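*Asks:* dropping the sequence and predicted coords here.
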Amino acid sequence: MKKSRGRTGRNRRRKHLKSFMDGVNCSHKLEYIKLKKWLKERGFEDSNLRPAEFWETGRGLMTTKALQAGDLIISLPEKCLLTTGTVLSSCLGGHIEKWKPPVSPLLALCTFLIAEKHAGQKSPWKPYLDVLPKAYTCPACLEPDIINLLPKPLQKKAQEQKMLIQELFQSSRAFFSSLQPLFAEDTGNIFNFSALQWAWCTVNTRTIYMKHPHRECFSLEPDVYALAPYLDLLNHSPNVQVKAGFNEQTRSYEIWTDSQCKKYQEVLICYGPHDNQRLLLEYGFVATDNPHSSVYVSADTLLKYFSPLDKQREAKVSILKDHDFLENLTFGWEGPSWRLLTALKVLSLAADEFACWRRILLGDVTSARNEQQALGTAAKICQFLIEETQHVLLQGQQSCDALWAQQTAKRTQD
Ligand SMILES: C[S@@+](CC[C@H](N)C(=O)[O-])C[C@H]1O[C@@H](n2cnc3c(N)ncnc32)[C@H](O)[C@@H]1O
């Protein structure tokens with residue numbers, strides 16, 4: 001009896017300790033003290049949240065009070081939000097209003113972030129800028145040899161993301177030059193590619209959705225962004241639910257939880273029902289145990305499993321292309337997606353079944369043979385992807401080991 005009470009006590013202490021150890025509170029650091037003061041001056045009431053470093057998710061927010069479903073997590077006054085309205089009221093406003101063709105809301109925010117970062121001590125946004133990440137892990141920022149380790153469909157998307165920022169940079173150069181009268185230094189040095197890449201990633205990984213009415217001085221792209229200092233320290237979990245939005249009565253952006261959270265644990269919100277490819281592309285991370293996980297199958301991989309001697313192959317591929325069945329083909333936790341199976345069924349049609357392709361696209365069964373061949377090929381593709389992933393993980397491990405050995409040797413030499 002005594003022994004069992006001791007064990008219970010130890011377990012309780014361990015649990016208690018673990019709850020403290022889930023995250024290391026860093027609210028005592030000067031940068032967060034300054035940020036909290038800055039937010040308070042703008043009407044933010046001190047909440048029960050503390051910045052902390054977490055083992056699994058990195059920097060995030062910890063609660064000092066247990067949260068129940070229906071509790072308010074955070075309420076950030078309008079004055080703390082950085083929107084295109086903020087940009088237009090700054091010294092950039094006049095230049096943006098005059099510039100033709102109009103810049104996008106995204107470019108306006110990026111320009112503001114770069115200009116304020118450059119202003120340093122003089123920027124009223126300094127306490128916020130000081131806690132923003134210095135670098136990002138979105139695919140656009142990854143080195144080519146790291147991108148090459150990603151699954152093929154993601155490599156393509158990563159290249160597209162890189163190109164997008166490069167094109168934005170090229171097309172914005174004239175606009176950046178037009179801002180020269182505002183700066184003593186050459187704008188070419190201030191608004192350089194790496195500054196734009198940093199600002200673009202800041203906006204893409206950290207903004208909350210807030211729809212603003214269209215303004216004439218901006219292009220037609222939707223103006224739906226707001227940067228939300230402090231609130232943007234909340235990390236994502238696919239397994240929690242929250243309600244979020246701008247409250248017109250309180251004039252604050254509010255997040256309400258639909259899940260429980262224990263005292264001293266990380267408060268997580270859900271950025272959306274995203275699979276890991278989307279999380280990596282948009283936010284630069286992947287979530288473990290993601291119920292929305294899916295594995296993408298590229299058209300090249302898919303077509304490898306079908307004979308080039310099939311006389312109808314070309315026709316089948318063009319049918320799939322025309323009906324948008326060569327992209328976004330996935331495996332989920334429950335097996336091949338309907339889209340993937342449909343593409344496989346079309347490619348598996350025997351010569352005398354070919355005329356049935358339309359019915360397959362509508363979800364009909366053509367023959368037991370066609371169904372079985374499609375499922376069999378799905379199993380083979382799945383096996384190939386598992387082996388390919390294992391190979392890449394091994395390569396990654398070997399690169400880490402080599403780097404580690406290199407660094408150890410260097411330290412020994414020093
Ligand atoms: C809105 S910010 C959240 C705060 C961020 N961790 C920070 O230190 O500033 C979004 C970024 O946090 C990171 N993140 C969010 N949820 C995560 C998770 N579950 N695991 C790992 N990183 C996560 C990603 O880098 C993502 O781009």
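*Replies:* Structure received. Residues are numbered from 1 along each chain as shown.
*Asks:* how about residues contacting stretch 298-317?
*Replies:* Applying CB atoms under 8 Å, 6 or more residues apart in numbering, the contact partners of stretch 298-317 are 152-153, 156, 326-327, 329, 340, 343-344, 346-349, 351, 354, 357, 377, 380-381, 384-385. The way it works is simple: take the backbone N, C-alpha and C, and place the C-beta from them, glycine included.
*Asks:* of those, which belong to strands?
*Replies:* Among these, the members found in strands (DSSP state E) are Leu329.
*Asks:* would you mind listing which of the contacts of stretch 298-317 are buried?
*Replies:* 153, 326, 329, 340, 343-344, 346-349, 354, 357, 377, 381, 385 (16 or more other CB atoms under 10 Å).
*Asks:* ok, these vs the ligand, which is closest?
*Replies:* Distance to the ligand across the buried ones among the contacts of stretch 298-317 (CB to the nearest ligand atom) is lowest for Pro153, with 20.6 Å.
*Asks:* dump the residue contacts of the closest one.
*Replies:* Gln277, Tyr296, Val297, Ser298.
*Asks:* pLDDT wise, what is the closest residue to Ser259 other than its chain neighbours at?
*Replies:* Using CB to CB, 6 or more residues apart in numbering and skipping the chain neighbours, the partner closest in space to Ser259 is Val240 (4.3 Å). Per-residue pLDDT puts Val240 at 96.
*Asks:* likewise the one 3 residues further on?
*Replies:* In this prediction, Lys243 carries a pLDDT score of 97.
*Asks:* just to be sure, it is in a strand?
*Replies:* Yes. According to DSSP: H, G, I helix; E, B strand; the rest coil, Lys243 belongs to a strand.
*Asks:* from the ligand, how far off is the residue lying closest to Ser294 once chain neighbours are set aside?
*Replies:* Among residues not flanking Ser294 along the chain, Thr330 sits closest, at 3.9 Å (CB to CB, 6+ apart). Distance, Thr330 to the ligand, by CB to the nearest ligand atom, to the nearest Å: 21 Å.
*Asks:* for the chain, what lies in contact range of the ligand?
*Replies:* 57-60, 133, 205-206, 232-237, 283-285, 287 (CB under 6 Å from any ligand atom).
*Asks:* residue contacts, the residue of the stretch 51-200 of the chain found nearest the ligand?
*Replies:* Closest to the ligand within the stretch 51-200 of the chain is Arg59: 3.2 Å, counting by CB to the nearest ligand atom. Applying CB under 8 Å, 6+ apart to Arg59 gives the contacts Cys26, Pro51, Ala52, Glu53, Leu233.
*Asks:* what subset of these is buried?
*Replies:* Pro51, Ala52, Leu233.
*Asks:* SS state for the first one?
*Replies:* Yep, that's Pro51 we're talking about. strand.
*Asks:* tell me the bridge partners for it.
*Replies:* Leu61 (DSSP bridges).
*Asks:* ok, it to Arg42 distance?
*Replies:* To Arg42, Pro51 is 18 Å away according to CB to CB, to the nearest Å.
*Asks:* quick check: pLDDT value at Gln398.
*Replies:* 86.
*Asks:* try Arg7
*Replies:* 59.
*Asks:* and what of the one 4 residues further on?
*Replies:* For Asn11, the model assigns a pLDDT of 60.
*Asks:* how about Met1?
*Replies:* So Met1 comes in at 37 (pLDDT).
*Asks:* and Lys157, by the same measure?
*Replies:* Reading off the model, Lys157 has pLDDT 93.
*Asks:* could you measure from the residue lying closest to it once chain neighbours are set aside over to the ligand?
*Replies:* With CB to CB, 6+ apart as the measure, Leu281 is the residue that lies nearest to Lys157, at 5.6 Å, once sequence neighbours are left out. Here the distance between Leu281 and the ligand works out to 11 Å (CB to the nearest ligand atom).
*Asks:* beyond the helix or strand hosting Leu281, next helix or strand please.
*Replies:* Assessed by DSSP states H and E, Leu281 sits inside helix 276-283. Using DSSP H and E, the next helix or strand after helix 276-283 towards the C-terminus is strand 295-297.
*Asks:* what would the contacts of Pro153 look like in CSV with neighbour count and pLDDT?
*Replies:* Listed next are the contacts of Pro153 as CSV, based on neighbours: other CB atoms under 10 Å; pLDDT from 0 to 100:
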residue, neighbour count, pLDDT
Gln277, 21, 93
Tyr296, 21, 94
Val297, 27, 96
Ser298, 17, 94
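*Asks:* so which of the residues you listed comes closest to Asn247?
*Replies:* Gln277 (33.2 Å; CB to CB).
*Asks:* that closest one and Lys157 touch, don't they?
*Replies:* Yes. In this structure Gln277 lies within contact range of Lys157 using CB atoms under 8 Å: 7.3 Å.
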